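Novice: Sequence isn't available, so here's the structure alone:
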C-alpha cells in the first residue's frame, strides 16, 4: 500500500497536464477551459466530445488515478478502524520507527500495529520505539516526554551504549540494545564452561571484526567468561580501529586471562590456526580504516578460516535466514544473529535476565538496609531499578547473565569463597571496561573505587556481598536463571 501511494502521488498530475495540452491542441479555447475539461476527466465526466491521442490517454490515466485515490482512502479508513479496535486490548502495543526489525516484529504482535512516521504516542499503554538511527528514536521520545508517565515505553537502540544512559525515575521508559541482547544470548548459548571447567583446558578466542556487534560480543565475553580462579582464556582482536584498540588495551584482566590486539590481518596471523573459537562479525563501516564486511566478504573469510584453522569452531554473524553450516561441508560452522528469534514482543516486555537483574539490585538494597523481602518485592524491585542509571543497571545485568555459571559451579561442589572470588573478578572487570580505576577513596564522578583490589584483600564482610543476601530473592533469581 505504501509503494502504491508513492506512485499515486508521483503520477497524479500526469493526466491533468496531458489532458490540458490535448484539449488545447484539439481546439478548446482558453487555458482555463482546457484545464477545466482536463479536471473533469478525473470524475469520468467529460465536458465535450473532443478527442485526440493525448485526451484519450489522459481519460484512461485519470480513471486509474481516481480509482487509486478511492482505494487509498478506503484503505486508510479500514486501517484506522482496525487500529481503533486493537487499542481496546489490554496488551495493545504500537511500534514506531523505520527499522526493518520493527516492521517485522509488528507482523507478529498479538494486538497492535506499526507506524513509521508518527509524531506522537498512540492511545495505548505499551509502546516500542525501533528506528534505523538511535537519534531519531531519542528525538521522538524527547518531543513526547510529557506524555510518557503513564505508559510503558520500550526503547530499542541499535548503536547507543546503554551503560551510559541516565535513570528513568518517574517515567515508564525501558531501554535495550540489539547488539547487547545478541551478545548476552550468544555467551549463554555458546558458553566455554565445558571446555574450561569440565575439560580443564585453556581457551583462545579470536574476534574478527570490531563493529558494534563485534565489540558487544567481546565486552560480554570479557565480563561473563569467568568460571574458576585458575582459568586461562586469551582474547585475540582483529580489525579494531585505533580508538577501540586503545579502550581494549587499557583493560585489566584481574586474573591470568589475556587480551592481544593484533596489528596484522587475521589471515596473516599465525595465532589464528591455534584458536578454539573464531567469531566473525561485520567490521566497522568507517571507510577511513577501509574496513567493511558484506555477505561476499563473509564467504571469503569463512573459506580462509576453514583452511587455516582446522580445529576452531567458527561463528558467523548473520541477521537473516542464511545458514552457512548448510552450505559448507563442515561441522565446525555456527551461524548466529537472527534478530527475529530473540527480538520478540514477549522478550522485549518480559526479558527474563532483566527481571533477574532487577532482583539482584533489590537484594543489594535489602542488604544495605538490613531488611528482607516482603510480598510486594517485585514492585519494590521495579521502583529501585528505575532510579538506576545505565551504568548501575548494566552492572546488575552482567551479574544476572553470569549467575547460571555460579549455579552450575555450586552444583558441582565449588565452595562459597571460590564462587565469590570469581564474582568479584567479574565485578571488577565491569568497572574496568567502563573506565574506572582503584583509589582508596570512592569518587563516582572521577570513576574511582576502593574495592577494585584482589578478592583476598577484601574484608570478609565485603567478600560476603558477592553472595545473595535474601533467601526469597535467591529462590526467585535461581528460578529465572536456571
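Specialist: Looks like it came in fine. Keep in mind the model is a prediction, meaning the values are calculated, not measured.

Novice: for stretch 401-412, which positions count as buried?
Specialist: 401-406, 408-409 (16 or more other Cβ atoms under 10 Å). All C-beta spots, glycine's among them, are computed from the backbone N, C-alpha and C.

Novice: brain fart, stretch 25-45
Specialist: By neighbour count on 16+ other Cβ under 10 Å, the buried set for stretch 25-45 is 26, 28, 34-35, 37-42.

Novice: end to end, how far does that stretch reach?
Specialist: Between the opening and closing residues of stretch 25-45 lies a distance of 20 Å (Cα to Cα, to the nearest Å).

Novice: cool, and stretch 378-396?
Specialist: By Cα to Cα, the extent of stretch 378-396 from end to end equals 16 Å.

Novice: centre of the chain versus it, how much separation?
Specialist: On the basis of Cα atoms, centre = their mean, to the nearest Å, the separation between the geometric centre of stretch 378-396 and that of its chain is 19 Å.

Novice: Can you tell me what sits against that stretch?
Specialist: Contacts made with stretch 378-396 from outside it, assessed by Cβ atoms under 8 Å, 6 or more residues apart in numbering, are listed as 161-171, 175, 357-362, 365, 373-374, 427, 430, 434.

Novice: do you know how far the residue positioned nearest the centre of the chain is from residue 393?
Specialist: Most central residue of the chain, judged by C-alpha distance to the mean C-alpha position with Cα atoms, centre = their mean, is residue 178 at 0.8 Å. In this structure, residue 178 lies at 17 Å from residue 393, with Cβ to Cβ, to the nearest Å as the measure.

Novice: How about residue 21?
Specialist: Relative to residue 393, and taking Cβ to Cβ, residue 21 is found at 65 Å.

Novice: Which one's more surrounded, these two?
Specialist: Under the criterion of other Cβ atoms under 10 Å, the comparison of residue 21 against residue 393 puts residue 393 first, with 22 against 16.

Novice: mind checking which helix or strand the more buried one is in?
Specialist: Per DSSP states H and E: residue 393 is located in helix 390-411.

Novice: So, low pLDDT: which residues of the stretch 151-300 of the chain?
Specialist: For the stretch 151-300 of the chain, the stretches with pLDDT under 70 are 283-296.

Novice: Strands of that one, start to end?
Specialist: When assigned using DSSP state E, counting those that start in this stretch, the strands of the stretch 151-300 of the chain occupy the ranges 152-157, 173-177, 203-208, 233-238, 258-261, 277-280.

Novice: Show me which of the contacts of stretch 378-396 are buried.
Specialist: 161-163, 165, 167-168, 171, 175, 357-362, 365, 373, 427, 430, 434.

Novice: In helices only, show me those.
Specialist: Using DSSP state H, the subset of the buried ones among the contacts of stretch 378-396 located in helices is 357-362, 365, 427, 430.

Novice: List just the nearest of these to residue 205.
Specialist: Within these, proximity to residue 205 (Cβ to Cβ) peaks at residue 430, which comes in at 18.9 Å.

Novice: Now do the same contact list for the closest one.
Specialist: The contact partners of residue 430, taken as Cβ under 8 Å, 6+ apart, are 223, 394-395, 398.

Novice: ok, now residue 59?
Specialist: With Cβ under 8 Å, 6+ apart as the criterion, the residues that contact residue 59 are 15, 19, 41, 46.

Novice: In TSV, list those along with distance to residue 298, pLDDT and secondary structure.
Specialist: Compiled in TSV, those are given as follows (distance: Cβ to Cβ, whole Å; pLDDT from 0 to 100; DSSP: H, G, I helix; E, B strand; the rest coil):
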residue	distance to residue 298	pLDDT	secondary structure
15	48	85	helix
19	54	86	helix
41	54	87	helix
46	60	78	coil
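
Novice: Tell me the most packed of the residues you listed, by neighbour count.
Specialist: Counting by other Cβ under 10 Å, residue 19 has the largest number of neighbours within these, with 28 neighbours.

Novice: from memory that residue sits against residue 41, does it?
Specialist: Yes. Taking contact to mean Cβ atoms under 8 Å, the distance of 5.4 Å between residue 19 and residue 41 places them in contact.

Novice: hey, what's in contact with both of these two?
Specialist: Any residue near both residue 19 and residue 41 by Cβ under 8 Å, 6+ apart counts here, and that gives 58-59, 62.

Novice: Can I get those residues in a markdown table including distance to residue 199?
Specialist: Shown next, in a markdown table, are these (distance: Cβ to Cβ, whole Å):
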| residue | distance to residue 199 |
| --- | --- |
| 58 | 79 |
| 59 | 80 |
| 62 | 76 |
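
Novice: Noted, bye for now.
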